[in-house]
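Novice: next comes the sequence, and after it the predicted model I'd like to discuss.
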Amino acid sequence: MQGGSKEQNAKIALEILKSGPGPKRDIVLINTAAALLIAQKAQTLMDGYRIAAEAVDSGRAMKKLEEIKKVSQGL
C-alpha cells in the first residue's frame, strides 16, 4: 500500500472509516487487531479483528477521530 501527502493520507483514512469492505480497510483492521492483541485487549488476532471492525462499523472510530481532531486543533 502506498500513501502520499498528508492530505491524501487523511482522505484515505476517512474513506476507510466511512466505507464498507475493501483491501485498505482489511489492512487497517488487521494492523489494529495485532495492536489490540499486543496490548492484551484481545485474546486472539481474530478477536482483535472483530473488535476493530465493530469500532469502524458502529461509527465509534470516526467519533474518536473527530475528538482527536478537536483536541489537536486546540493545541
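Specialist: Structure received.
Novice: which strands and helices sit next to the longest helix along the chain?
Specialist: Looking across the chain with DSSP state H, the single longest helix is helix 23-38. Here helix 23-38 touches helix 6-18, helix 45-58, going by 3 or more C-beta pairs under 8 Å, 6 or more residues apart in numbering; DSSP states H and E. Any C-beta I mention is one placed from the backbone N, CA and C, and that applies to glycine too.
Novice: tell me which residues in stretch 11-19 are buried?
Specialist: By neighbour count on 16 or more other C-beta atoms under 10 Å, the buried set for stretch 11-19 is 12, 13, 16, 17.
Novice: what sits closest to the most centrally placed residue in the chain if chain neighbours are left out?
Specialist: With distances taken as C-alpha atoms, centre = their mean, the residue of the chain nearest its centroid is residue 28 (5.7 Å). Excluding its sequence neighbours, the residue lying closest to residue 28 (C-beta to C-beta, 6 or more residues apart in numbering) is residue 16, at 5.4 Å.
Novice: could you do residue 60 as well?
Specialist: Nearest residue to residue 60, sequence neighbours excluded (C-beta to C-beta, 6+ apart): residue 54, at 7.8 Å.
Novice: what's the angle between the lowest-mean-pLDDT helix or strand in the chain and helix 23-38?
Specialist: Confidence across the helices and strands of the chain bottoms out at helix 6-18, with a mean of 89, counting by mean pLDDT, DSSP states H and E. For helix 6-18 against helix 23-38, the angle by axes from the mean of the first three to the mean of the last three C-alpha atoms, to 10 degrees is 80 degrees.
Novice: show me what helix 6-18 is packed against.
Specialist: helix 23-38, helix 60-73.
Novice: kindly compare burial across these and name the winner.
Specialist: For those, ranked by mean neighbour count under the definition mean count of other C-beta atoms under 10 Å, the leader is helix 23-38 at a mean of 16.
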